[in-house]
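S.K.: Got a predicted structure here, sequence first:
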Amino acid sequence: AKAVVKGLPKEVNILIGTHRILGKDVKFKDLGLLIIDEEQKFGVSVKEKLRQLKVNVDTLTMTATPIPRTLQFSLMGARDLSVINTAPNRYPIQTEVHTFNEEIIADAVNFEMSRNGQVFFVNNRISNLFELKAMIERHIPDCRVCIGHGQMEPAELEDIFDFVNYDYDVLLATTIIESGIDIPNANTIIINQAQNFGLSDLHQMRGRVGRSNKKAFCYLLAPPLSSLTPEAKRRLQAIENFSDLGSGIHIAMQDLDIRGAGNMLGAEQSGFIADLGYE
């Protein structure tokens, strides 16, 4: 890292990095283009700081699910928006909402194992990952389950690599799998307590499956819809309805509608404020 920062003003043409690029010691020779991938992971202050690296930086932000504020900017013409409508060579992901039911989980895992596939099971509470593991093993004795979360020791993370190498059938994980994991052999994802996730989260996690030429399934487990808040109900209905390829922009529109466009001049990326004209 020291060598890269030192060489930046002199011989580096392209720098690929994380938030580390924002460090005070990072100086560019002549920055012309800034590309922000997975834009939904960055706050307003970070994005503005990136743009202040130089007065006129051409900025390209890329995401499957734009933040409401960003989408609003492009809809009202303050920024350009282009959508890639050409669907990749995949099938749509079949998405279903269910209440938590051990039989449904067992059937989903059994079906995926019967076609030699693998399963992601997302549960965002580390404390009960082991209970769920015991539950799956009780219903399917020959199922090989591994656990992945952000508080593991580096040595324990070997399990994740073993999952990639097909030594396990089910990866029981927190939302740590949301960003960038590409395992074409995993084509079923089960998301527990789905009502607690945002639309963007659900869409990004669903995108972990269906990355090959096999039909993929996404099961969202939530309490009965009647007991949920209106927003949570709308989120689950939106993610279930928009499961076609290339529907990210429709999901983002729903997100904008549900959460509000945020603050044009401030840092809030969602929320409702009084309608003011701008110039």
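M.R.: Looks like it came in fine. Numbering: from 1, shown residues only.

S.K.: Show me which positions of stretch 121-135 end up buried.
M.R.: Buried residues in stretch 121-135, counted by 16 or more other CB atoms under 10 Å: 121-124, 129, 132-133. Backbone N, C-alpha and C define where each C-beta goes, glycine included.

S.K.: Quick one: residues in contact with it.
M.R.: Stretch 121-135 is contacted by residues 102, 105, 136, 145, 147, 149, 151, 170-175, 177, 189-193, 196-197, 205 when judged by CB atoms under 8 Å, 6 or more residues apart in numbering.

S.K.: mind running it again at 10 Å?
M.R.: Outside stretch 121-135, the residues that touch it by CB atoms under 10 Å, 6 or more residues apart in numbering are 102, 105-106, 108-109, 136, 143, 145-152, 170-178, 188-194, 196-197, 201-202, 205, 208, 219-221.

S.K.: pLDDT of it, averaged?
M.R.: Across stretch 121-135, the average pLDDT comes to 94.

S.K.: CA atoms only for it - export them in CSV, please.
M.R.: The C-alpha trace of stretch 121-135 is given here as CSV (Å, rounded to 0.1, in the frame of the first residue of the first chain):
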residue,chain,number,x,y,z
PHE,A,121,-29.0,-19.6,3.7
VAL,A,122,-28.9,-16.0,4.9
ASN,A,123,-29.7,-15.3,8.6
ASN,A,124,-28.5,-12.0,9.9
ARG,A,125,-28.2,-13.0,13.6
ILE,A,126,-24.9,-14.7,14.4
SER,A,127,-26.3,-16.0,17.7
ASN,A,128,-28.7,-18.5,16.1
LEU,A,129,-26.7,-19.7,13.1
PHE,A,130,-25.8,-22.8,15.0
GLU,A,131,-29.5,-23.6,15.9
LEU,A,132,-30.3,-23.3,12.2
LYS,A,133,-27.4,-25.6,11.3
ALA,A,134,-28.7,-28.2,13.8
MET,A,135,-32.2,-27.9,12.3
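
S.K.: now it, how far from the chain's geometric center?
M.R.: Centroid displacement of stretch 121-135 relative to its chain, using CA atoms, centre = their mean, to the nearest Å, is 20 Å.

S.K.: Could you do stretch 90-110 as well?
M.R.: Chain-centre distance of stretch 90-110: 19 Å, with CA atoms, centre = their mean.

S.K.: can you tell me the distance between the two ends of it?
M.R.: 23 Å (CA to CA, to the nearest Å).

S.K.: picking that back up, ok, so of the buried residues of stretch 121-135, who is nearest S82?
M.R.: The shortest approach to S82 among those belongs to V122, at 30.9 Å (CB to CB).

S.K.: hey, what's the closest one bridged with?
M.R.: A173, I191 (DSSP bridges).

S.K.: What residues of the helix or strand of the chain with the lowest mean pLDDT count as buried?
M.R.: In the chain, no helix or strand scores lower on mean pLDDT, DSSP states H and E than helix 44-51, which sits at a mean of 80. For helix 44-51, the neighbour count (16+ other CB under 10 Å) marks 44, 47, 50 as buried.

S.K.: can you pull the buried residues of the next helix or strand after it?
M.R.: Using DSSP states H and E, the helix or strand that follows helix 44-51 towards the C-terminus is strand 58-62. By neighbour count on 16+ other CB under 10 Å, the buried set for strand 58-62 is T61.

S.K.: angle of strand 58-62 against helix 44-51?
M.R.: Orientation of strand 58-62 against helix 44-51 (axes from the mean of the first three to the mean of the last three CA atoms, to 10 degrees) gives an angle of 140 degrees.

S.K.: Touching the very next helix or strand once past strand 58-62 from outside, list them.
M.R.: Downstream of strand 58-62, the first helix or strand assigned by DSSP H and E is helix 68-75. By CB under 10 Å, 6+ apart, the surrounding residues in contact with helix 68-75 are 39-40, 42, 44, 47, 61, 63, 65-67, 78-83, 199-200, 249, 252-253, 255-264, 266-271.
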